[in-house]
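*Asks:* Need coordinates for the below:
(chains A and B)
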Amino acid sequence: DTGVSQDPRHKITKRGQNVTFRCDPISEHNRLYWYRQTLGQGPEFLTYFQNEAQLEKSRLLSDRFSAERPKGSFSTLEIQRTEQGDSAMYLCASSRAETQYFGPGTRLLVL
Amino acid sequence: SQQGEEDPQALSIQEGENATMNCSYKTSINNLQWYRQNSGRGLVHLILIRSNEREKHSGRLRVTLDTSKKSSSLLITASRAADTASYFCAPSVAGGFKTIFGAGTRLFVKA
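*Replies:* Okay, the predicted model is just below:
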């Protein structure tokens, strides 16, 4: 399978805990994106990378969120001190040009 | 913001009928893409139309773009039950790779 993969697919955590998600993009894709999606809404842009450089980060993203792509390949998204409002589907996508290819997402539930 | 806003929010049709979804956006764009999301396959890219194009076809899909009205439409001909999904438009500004999705149109095709 050469598509975008995300791990884990599901995560249940207690409020206040930290969580980390991983995204493996399609090889040779230099751009990687993170989105958050809640029920009934479209994906909400969080941040994106070109190679290892984080080029843009949503103003909606609080300081509790951080993303890295240290070697320009896989990326991690960490949420510190989770809140119930962080419960959502976290989507990763990668691209070489305009078209983005999405992974299956990580569904987070914060209790 | 280059957010696309889809209309209608929901659409229910019989199998075999055509489905038309509209998208409006606010700023000048370089291209506009349409994506589909269903529970089985996640978010999938359908078609991209560039700002210098007025119409594009892909199988049963036809996309139009009117940059003077800042609008686009997606037509699905001879719909099938498998077309049941949420459809999102995603406009991108020139030189930008950030994609801002709207809330989508939920299409339900009855067999």
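
*Asks:* Please enumerate the strands of chain B.
*Replies:* Assigned by DSSP state E, the strands in chain B fall at B:5-7, B:10-14, B:19-24, B:31-38, B:42-50, B:55-58, B:61-66, B:71-76, B:85-92, B:105-110.

*Asks:* Give me the distance between residue A:39 and residue A:99.
*Replies:* Computed as CB to CB, to the nearest Å, the residue A:39 to residue A:99 distance reads 26 Å. From N, CA and C alone the C-beta is placed, and that goes for glycine too.

*Asks:* Which one of those two is surrounded by more residues?
*Replies:* Taking other CB atoms under 10 Å in any protein chain shown, residue A:39 and residue A:99 do not tie; residue A:99 has more neighbours (14 against 7).

*Asks:* Is it correct that that one is in contact with residue B:31?
*Replies:* No - contact between residue A:99 and residue B:31 fails when scored by CB atoms under 8 Å: they sit 9.6 Å apart.

*Asks:* Just give me the neighbour total for residue A:111.
*Replies:* By the measure other CB under 10 Å, the count of residues near residue A:111 is 10.

*Asks:* Kindly report the same for residue A:106.
*Replies:* Look at residue A:106: counted by other CB under 10 Å, it has 22 neighbours.

*Asks:* Distance check, the residue in chain B that chain A sits nearest to against residue B:57.
*Replies:* Going by CB to the nearest CB, chain A is nearest to residue B:101 of chain B, at 3.5 Å. Going from residue B:101 to residue B:57 by CB to CB gives 23 Å.

*Asks:* Have a look at those two and say which one is more surrounded.
*Replies:* Each of residue B:101 and residue B:57 has its neighbours counted (other CB under 10 Å); residue B:101 has more, 23 against 11.

*Asks:* which residues touch that one?
*Replies:* Taking CB atoms under 8 Å, 6 or more residues apart in numbering or on different chains, we find residue B:101 in contact with A:35, A:42-45, B:3-4, B:35, B:88-90.

*Asks:* Check residue B:97 too.
*Replies:* A:31, A:33, A:48, A:50, A:95, A:98.

*Asks:* how about TSV for these, with pLDDT, neighbour count and secondary structure added?
*Replies:* Shown next, in TSV, are these (pLDDT from 0 to 100; neighbours: other CB atoms under 10 Å in any protein chain shown; DSSP: H, G, I helix; E, B strand; the rest coil):
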residue	pLDDT	neighbour count	secondary structure
A:31	94	19	strand
A:33	95	27	strand
A:48	91	27	strand
A:50	93	15	strand
A:95	93	22	strand
A:98	85	18	coil
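
*Asks:* ok, so of those residues, who is nearest residue A:88?
*Replies:* Proximity of the contacts of residue B:97 to residue A:88 was ranked by CB to CB; the top entry is residue A:33 with 15.3 Å.

*Asks:* Please pull out the lowest mean pLDDT helix or strand from chain A.
*Replies:* Every helix and strand in chain A was compared by mean pLDDT, DSSP states H and E; the lowest is strand A:53-57, with a mean of 89.

*Asks:* near chain B at all, that strand?
*Replies:* Yes - using CB under 8 Å from any CB of the partner chain, we find that strand A:53-57 touches chain B at residue A:56.

*Asks:* With only the CA atoms kept, save that strand in CSV.
*Replies:* In CSV, the C-alpha atoms belonging to strand A:53-57 read as follows (Å, rounded to 0.1, in the frame of the first residue of the first chain):
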residue,chain,number,x,y,z
ALA,A,53,10.0,23.3,7.1
GLN,A,54,6.7,24.1,8.8
LEU,A,55,5.4,26.9,6.4
GLU,A,56,2.1,27.8,7.9
LYS,A,57,0.2,27.2,11.1
